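> can't give you the sequence, but here's the structure:
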């Protein structure tokens with residue numbers, strides 16, 4: 001088994017747990033970096049494992065999937081992202097949007113439960129989420145390539161992203177995206193100013209009233225809290241006066257007040273200090289106590305002098321609080337929010353009152369924004385078109401090595417449509433290009449969009465070719481991040497209708513793809529399986545009158561050679577076949593896939 005991988009993916013599928021799914025009773029399967037191959041007899045359940053993983057990734061659920069005799073099935077997929085992964089920001093954004101958190105070293109655990117009643121639920125890190133949300137997360141973790149799994153590749157945006165990944169235009173694309181955003185903001189403000197005159201005048205009247213109402217109120221931050229304190233004092237004035245007078249009398253004014261008793265104690269202490277130094281440390285604290293009592297007493301005296309029964313002031317405070325409460329219901333929950341609203345209203349009012357001047361300024365800003373955008377978009381388009389020719393050539397060469405020698409492949413550039421790229425029709429956040437990948441697998445047929453291809457096997461091989469070419473162009477962006485591929489790729493049909501040399505070439509490319517990403521592949525061809533870094537054997541058998549599927553990791557060269565021999569000759573395995581299988585393993589291990597001349601074209 002080949003354990004040396006050029007570079008492990010920074011996040012990948014580590015484990016899958018399947019319980020009561022179809023012919024699988026209970027299965028825990030651990031995956032590794034590199035090329036993970038699943039093989040077995042026809043009908044053993046190889047594709048069932050891929051289908052089960054699809055459930056955890058948000059695939060369609062049905063009670064028919066539940067193993068007979070049980071009331072639910074459960075599939076759990078565990079991904080372990082590396083905190084160093086530059087793409088982790090996408091996952092972090094997803095977790096924040098869903099109200100979840102993810103530590104750098106924390107696993108991403110996707111669990112799907114399907115009950116016989118038809119009820120289904122998806123759970124991510126012990127929190128229930130929607131199917132749509134899980135599908136959005138899954139796009140950052142896994143790419144599945146098999147029958148019916150190519151819908152994303154049919155989308156023109158996805159095709160454009162693939163070309164951009166090959167061309168390495170992240171910095172240009174980011175510039176175009178920012179300029180498009182700036183242009184949209186200016187267009188929205190211009191459109192708002194272009195509303196009809198009646199609407200503008202009505203809006204001016206409304207904003208003028210609101211601005212005047214807030215201006216007349218003369219609000220101060222924290223004013224409501226101050227008024228509440230004053231209201232509490234004014235509403236309990238007699239109780240406060242009585243308590244303050246009692247405290248003042250007890251501390252200072254009455255015959256046996258605290259100050260007189262402390263003063264007498266201080267005089268006695270002075271007498272004691274003359275005879276015994278042991279009392280010396282207590283003189284200063286007692287003097288401080290006397291000073292504190294005097295300070296408090298004088299404060300109470302002054303406080304009582306300020307207390308006046310003023311029923312009009314209480315009424316003023318209550319009216320002011322009522323006004324503030326009414327304004328809060330209209331303009332904000334706090335005075336601070338109302339002051340912000342006041343400032344924004346005044347700015348909007350000024351813009352509307354000076355709409356003609358602002359409109360002229362916006363037109364000037366828009367012209368500049370459009371010129372800047374078009375310049376950046378043309379630079380981006382030039383880079384794309386420059387890369388497209390090389391991309392087409394490399395994909396065609398790859399397809400030839402994958403048994404599609406006569407296949408024509410082209411990238412068709414089209415002008416953007418207004419509905420697709422924005423109101424102006426002059427390009428959007430991805431630039432001024434729209435592309436469509438066209439292919440003709442058979443001689444004599446015209447080039448057609450990818451969705452017109454009927455064969456899932458051809459689409460899988462096309463995707464393998466595309467990913468191999470893009471992976472071969474992997475490099476470092478200007479921001480220090482790596483242009484790369486998805487974390488985990490799953491190929492379920494890539495060997496359909498091929499064999500011999502073509503199958504060996506497919507195996508080489510899967511191996512190459514697995515240098516920078518984790519690859520899971522279901523195959524029935526020994527020419528592909530011999531390149532595995534980790535080979536799993538899927539077996540279906542009968543136990544206690546029930547059909548059961550189990551998976552075994554082939555842990556040594558002898559077991560792998562035996563499985564390759566079975567794949568080559570079926571149940572009759574001769575010494576010659578075993579030797580051939582062992583030779584295939586040795587040849588695959590020694591084959592320098594990095595020296596393939598086609599990939600260096």
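Okay, I see it. Note that this is a predicted model, so its numbers are computed, not measured.

> where in the stretch 151-300 of the chain is pLDDT low?
For the stretch 151-300 of the chain, the stretches flagged by pLDDT under 70 are 151-152, 195-197.

> which residues of it fall in strands?
With DSSP state E, counting those that start in this stretch, there are no strands along the stretch 151-300 of the chain.

> quick one, helices of it?
Ranges of helices within the stretch 151-300 of the chain are 151-154, 156-167, 170-193, 197-217, 223-235, 237-248, 258-275, 283-306, based on DSSP state H, counting those that start in this stretch.

> of the ones you listed, which approaches residue 507 most closely?
helix 151-154 (22.1 Å; Cβ to Cβ). Heads up, the C-betas are built off the backbone N, CA and C, glycines and all.

> out of the helices of the stretch 151-300 of the chain, the one nearest residue 434 is which?
helix 156-167 (5.9 Å).

> list the contacts of that closest one.
Applying Cβ atoms under 8 Å, 6 or more residues apart in numbering, the contact partners of helix 156-167 are 152-153, 170, 173, 383-384, 386-388, 391, 411, 430, 433-437, 466, 469-470, 473, 483, 485.

> in helices, which of these fall?
Those of these mapping onto helices are 152-153, 170, 173, 383-384, 386-388, 391, 466, 469-470, per DSSP state H.

> save those residues as JSON lines, and put in neighbour count and distance to residue 80 too.
Putting the ones in helices among the contacts of helix 156-167 into JSON lines (neighbours: other Cβ atoms under 10 Å; distance: Cβ to Cβ, whole Å) gives the following:
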{"residue": "152", "neighbour count": "13", "distance to residue 80": "24"}
{"residue": "153", "neighbour count": "18", "distance to residue 80": "27"}
{"residue": "170", "neighbour count": "15", "distance to residue 80": "26"}
{"residue": "173", "neighbour count": "22", "distance to residue 80": "30"}
{"residue": "383", "neighbour count": "18", "distance to residue 80": "36"}
{"residue": "384", "neighbour count": "24", "distance to residue 80": "35"}
{"residue": "386", "neighbour count": "11", "distance to residue 80": "38"}
{"residue": "387", "neighbour count": "19", "distance to residue 80": "34"}
{"residue": "388", "neighbour count": "19", "distance to residue 80": "37"}
{"residue": "391", "neighbour count": "22", "distance to residue 80": "33"}
{"residue": "466", "neighbour count": "24", "distance to residue 80": "27"}
{"residue": "469", "neighbour count": "24", "distance to residue 80": "28"}
{"residue": "470", "neighbour count": "21", "distance to residue 80": "24"}
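
> farthest-apart pair in those, please.
Pairwise distances across the ones in helices among the contacts of helix 156-167 (Cβ to Cβ) peak at 25.6 Å, for the pair 152 and 386.

> so who does residue 214 touch?
For residue 214, counting by Cβ under 8 Å, 6+ apart, the contacting residues are 327, 331, 338, 339, 341, 342, 345.

> any of those residues buried? List them.
Among these, the ones that count as buried by 16 or more other Cβ atoms under 10 Å are 327, 331, 338, 339, 341, 342, 345.

> looking at those residues, which is nearest residue 19?
Comparing these against residue 19 with Cβ to Cβ places residue 341 closest, at 55.6 Å.

> now do the SS call for the closest one.
Per DSSP: H, G, I helix; E, B strand; the rest coil, the local secondary structure of residue 341 is helix.

> need the contact list for the nearest residue to it once chain neighbours are set aside.
Leaving aside its chain neighbours, residue 341 sits nearest to residue 331 (4.8 Å; criterion: Cβ to Cβ, 6 or more residues apart in numbering). Residue 331 makes contacts with 210, 214, 337, 338, 341, 342, as judged by Cβ under 8 Å, 6+ apart.

> closest one of those to residue 371?
For these, the nearest to residue 371 is residue 341 (35.8 Å; Cβ to Cβ).

> was I right to think that closest one contacts residue 333?
No. Between residue 341 and residue 333 there is no contact under Cβ atoms under 8 Å: 10.7 Å.

> okay, the helices of the stretch 151-300 of the chain, which one's buried deepest?
helix 156-167 (a mean of 19; mean count of other Cβ atoms under 10 Å).

> quick one: that helix to helix 170-193, angle?
Per axes from the mean of the first three to the mean of the last three Cα atoms, to 10 degrees, the angle that helix 156-167 makes with helix 170-193 is 140 degrees.

> how far away from the center of its chain is helix 156-167?
Relative to the chain's own centre, helix 156-167 is displaced by 20 Å; criterion: Cα atoms, centre = their mean, to the nearest Å.

> over to stretch 539-554?
38 Å.

> residues of it that come out buried?
For stretch 539-554, the neighbour count (16+ other Cβ under 10 Å) marks 540, 548, 549, 550, 551, 554 as buried.

> helix or strand for the second one, just tell me which one.
Same thing as residue 548. For residue 548, the host element (DSSP states H and E) is strand 546-554.

> show me the contacts for residue 108.
Applying Cβ under 8 Å, 6+ apart to residue 108 gives the contacts 78, 79, 80, 81, 91, 102, 124, 125, 137, 141.

> got it, and residue 133?
For residue 133, the contacting residues are 94, 97, 98, 122, 124, by Cβ under 8 Å, 6+ apart.

> could you check how far it is from residue 51?
Per Cβ to Cβ, to the nearest Å, residue 133 is found 21 Å from residue 51.

> partners of the strand or helix carrying residue 128, with directions?
Secondary structure assignment for residue 128, by DSSP H and E: strand 127-129. Using DSSP bridges, strand 127-129 pairs in its sheet with strand 120-124 (antiparallel).
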